[in-house]
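Trainee: okay, predicted coordinates and the sequence, questions at the end:
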Amino acid sequence: MTSDYALPQLRDRGTVAPKTAYLIASGDLRESANVAGWPTQQALEQAIADAFARQGWSVVRAHGVDPDTGHGFISSQRMGLDIFTSIPPDAPLIVAEAVWQYSHHVLAGLRTHRGPILTAANFAGEWPGLVGLLGLNAGLTKMGTPYSTVWSVDFTDEWAHDRIGEWIATGGIRHDSSHVRAFPPVESLEASPEVELGRALAKQLQTDKAIIGVFDEGCMGMYNAIIDDELLNPLGIYKERLSQSALYAEMQRVDDDTADAVGRWLLDAGMTFKLGTDDATELTEGQLREQYKMYIAALRISDDFGLDAVGIQYQQGLKDLTPASDLVEGLLNNVERPPVTSRDGSRVLWEGKALPHFNEADEGVAADALITNRVWVAMGLDPATTLHDVRWGEEFDGQFVWVYEISGSVPPSHFENGYADAVGWRQGPVFFPAGGSTITGVSKPGEIVWSRLYIAGGELHLDIGRASAVSLPAEETSRRWRATNIEWPIMHVVLHGVSRDQFMARHKANHVQVAYAPDAATADAALLAKAVAFAELGAHVHLAGEVNV
Ligand SMILES: C[C@H](O)[C@@H](O)[C@@H](O)C(=O)CO
């Protein structure tokens, strides 16, 4: 039958040559980041091509380098979709990531790709490529799209060689996940104050409910960080969808004197700032004043809506208007922070309390930070909690020490001497054109609980474990900082009973949540109460590594 209608012509996507894999590279939306990270990406792609050549395979790029921008990253969802129209649907496909990337640039194409998918990154710190890899893996996991993943310092090691060989031979890679076990059913646990607390907090949340305020959902393509209402609401947590425009408008209503009082408080508390005068590259008094206004505005809007936690995405929108939100975020997560009153001056907002903030509007962090806050407060502990990027790591003195490094700020109580150790650096111009201060420093040694809430198989899962934040010699700290971003706070982390590769293979997020406890026994107890709370709320809880439960 012939039709007079203008039927769309579907493009022939071709067939793939034998022993050939296609390669794509998802990039940032911020062109400054794509341009700056391109040489590192090229080195990674060469290393991957060489590793495949060792197995007798060729790697062909599915998209070229744009002569106008000078880089070969996919820099938008539209560009990603267009590129997928010329990739044979059954092609073995490598997604190579040396930089932070916006997953949604490629998730649409990957969702329907039929051939085996391999995500790959260089195990290096200079750019957040590992962070990008983990975010992408989490997005694929949430979509239910099968994929394999591999990482290597330079792809010349036997471990990577064997993994790539396995992928070529079987279309998959099996990683070791023997460090993970299911949290026992709550009914089977011996009665204890922690079990009782976890149960009571879960019950309270489901009956009384809580609100997380999200200033613009969906930061930087982080599909994995959006937890659908259908999954979040059964926890007793509901979203208040807020606009960053409203936050910006509220900032304009804060007068300079009120803002400057925040700055004086921070200086009196001992915080220092690396100030300059050139707005384009240095931190200035003007940028700080705007950040203080944002801090006040965020608390007032949170008060208006009766929020239990708040998240500002900042990127997409605010980054073009005003300095970074990071200073605000670290302060909100700290119990001790500059006082802010309601607009009429009659009430100090959240006096003597942290208001949990989930950076980059990561809703997995939101639910985790909220419950962590409640458990830690009920136990009389400092509830200061934060996410970190899983940035990188290396062995030191015979043990693998991770670099956890959030791209901006931590609550100052995570430093040995609190605000006295907190330094404000200008955010780098590559990611933050309008500047703004970070809260940087070295997170103090101590016992921590780490966790991540994520979606897999259409359900909520929580991986939770124990770790120690350790102290490294000053020269090793500065080496790690110089190898990553010195303007961002660093935590030296030794995971208990989880190897580097076990963690990489298993972790389903670019972020990891951490909270301190004063000693190992208290950390174990807090972990138990938190795990019980999540289990009671219906999440599948998994214990990772050595956990005393
Ligand atoms: C500034 C960078 O884009 C960071 O925001 C990025 O590496 C992340 O933090 C991703 O979690």
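Mentor: Received it, and whenever you're ready, just let me know what you need.
Trainee: tell me the domain ranges of this structure?
Mentor: 20-170, 186-544 (automatic domain parsing).
Trainee: make TSV from those domains and add mean neighbour count to it.
Mentor: In short, each C-beta sits where N, CA and C put it, glycine included. Shown next, in TSV, are the domains of the chain (neighbours: other C-beta atoms under 10 Å):
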stretch	mean neighbour count
domain 20-170	20
domain 186-544	20
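Trainee: now do the contacts for Asp268.
Mentor: Neighbour list for Asp268: empty [criterion: C-beta atoms under 8 Å, 6 or more residues apart in numbering].
Trainee: ignore what I typed, I meant Asp326.
Mentor: Taking C-beta under 8 Å, 6+ apart, one finds 314, 359, 407-409, 427, 436-439 in contact with Asp326.
Trainee: chain center to the longest helix out of those in the chain, what's the gap?
Mentor: Using DSSP state H to define each element, the chain has its longest helix at helix 31-54. Chain-centre distance of helix 31-54: 23 Å, with C-alpha atoms, centre = their mean, to the nearest Å.
Trainee: what packs against it?
Mentor: Packed against helix 31-54 by the contact rule (3 or more C-beta pairs under 8 Å, 6 or more residues apart in numbering; DSSP states H and E) you find strand 20-24, strand 58-61, strand 93-97, strand 117-122, helix 158-170.
Trainee: hmm, it in reach of the ligand?
Mentor: No: figure legend: helix 31-54 not in contact with the ligand (C-beta under 6 Å from any ligand atom); closest approach 6.7 Å.
Trainee: next, the angle helix 158-170 makes with that helix.
Mentor: 80 degrees (axes from the mean of the first three to the mean of the last three C-alpha atoms, to 10 degrees).
Trainee: how confident was the prediction at the closest residue to Leu387 other than its chain neighbours?
Mentor: In space, and not counting its chain neighbours, Leu387 is closest to His511: 4.2 Å by C-beta to C-beta, 6 or more residues apart in numbering. Note on His511: pLDDT of 98.
Trainee: ok, now the one 5 residues further on?
Mentor: The pLDDT attached to Tyr516 in the predicted structure is 99.
Trainee: note down every partner strand of the stretch of helix or strand it belongs to and its orientation.
Mentor: Take DSSP states H and E as the rule and Tyr516 turns out to sit in strand 511-517. Using DSSP bridges, the strands paired with strand 511-517 are strand 385-396 (antiparallel), strand 446-456 (antiparallel).
Trainee: quick check: residues of the stretch 301-450 of the chain near the ligand?
Mentor: So far as C-beta under 6 Å from any ligand atom goes, the stretch 301-450 of the chain lies against the ligand at 360, 389, 407, 431.
Trainee: redo that, cut-off 5 Å
Mentor: Contacts of the stretch 301-450 of the chain with the ligand, taken as C-beta under 5 Å from any ligand atom, map to 389, 407, 431.
Trainee: now do the same contact list for the first one.
Mentor: Read it as Asp389. Asp389 touches 128, 131, 404-407, 510-511, counting by C-beta under 8 Å, 6+ apart.
Trainee: and the residue in the stretch 201-350 of the chain positioned nearest to the ligand, which of the three is it?
Mentor: Closest residue of the stretch 201-350 of the chain to the ligand, C-beta to the nearest ligand atom: Met220 (6.2 Å). Using DSSP: H, G, I helix; E, B strand; the rest coil, the structure places Met220 in helix.
Trainee: just to check, it is in contact with Tyr102?
Mentor: Yes: at 5.5 Å, Met220 and Tyr102 qualify as touching, with contact defined as C-beta atoms under 8 Å.
Trainee: overlap in contacts of these two?
Mentor: 28-29.
Trainee: where does the residue lying closest to Ala483 once chain neighbours are set aside fall, phi/psi-wise?
Mentor: Nearest in space to Ala483, with sequence neighbours left out and distances taken as C-beta to C-beta, 6+ apart, is Gly125 at 4.4 Å. Per-residue torsions, Gly125: phi -100, psi -20 (degrees, to the nearest 10).
Trainee: residue contacts, Gly125?
Mentor: Contacts of Gly125 (C-beta under 8 Å, 6+ apart): 391-392, 403, 480, 483-484.
Trainee: swap the cut-off to 6 Å and go again
Mentor: Neighbouring residues of Gly125 by C-beta atoms under 6 Å, 6 or more residues apart in numbering: 392, 483-484.
Trainee: residue ranges with poor pLDDT in this protein?
Mentor: 1 (pLDDT under 70).
Trainee: give me that answer again for 80
Mentor: Within the chain, the set of residues satisfying pLDDT under 80 comprises 1-2.
Trainee: residues from the stretch 101-250 of the chain in reach of the ligand?
Mentor: 128, 131.
Trainee: in the stretch 101-250 of the chain, which spans are helices?
Mentor: For the stretch 101-250 of the chain, helices defined by DSSP state H, counting those that start in this stretch occupy the ranges 104-112, 129-143, 158-170, 193-208, 229-232, 244-252.
Trainee: need the helices for the stretch 301-450 of the chain, in chain order.
Mentor: Using DSSP H, counting those that start in this stretch, helices in the stretch 301-450 of the chain cover 326-332, 363-378.
Trainee: JSON lines for those, including distance to Asn548?
Mentor: Output for the helices of the stretch 301-450 of the chain, formatted as JSON lines (distance: least, C-beta to C-beta, whole Å):
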{"stretch": "helix 326-332", "distance to Asn548": "30"}
{"stretch": "helix 363-378", "distance to Asn548": "16"}
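Trainee: check whether Ala49 really touches Val59, as I assumed.
Mentor: Yes: assessed by C-beta atoms under 6 Å, Ala49 is found in contact with Val59 at 4.4 Å.
Trainee: tell me if I'm right that Pro92 and Arg114 touch.
Mentor: No: using C-beta under 6 Å, Pro92 is not in contact with Arg114, being 10.6 Å away.
Trainee: contacts only, for the residue of the stretch 201-350 of the chain closest to the ligand.
Mentor: Met220 neighbours (C-beta under 6 Å, 6+ apart): 102, 315.
Trainee: and what of the one 4 residues further on?
Mentor: For Asn224, the contacting residues are 138-139, 142, by C-beta under 6 Å, 6+ apart.
Trainee: spatially nearest residue to it (excluding sequence neighbours)?
Mentor: Of all residues not flanking Asn224 in the chain, Ala138 sits nearest, at 3.5 Å (C-beta to C-beta, 6+ apart).
Trainee: my guess is that neighbour contacts Lys508. True?
Mentor: Yes: Ala138 is in contact with Lys508 according to C-beta under 6 Å; the separation is 4.3 Å.
Trainee: overlap in contacts of these two?
Mentor: Tyr454.
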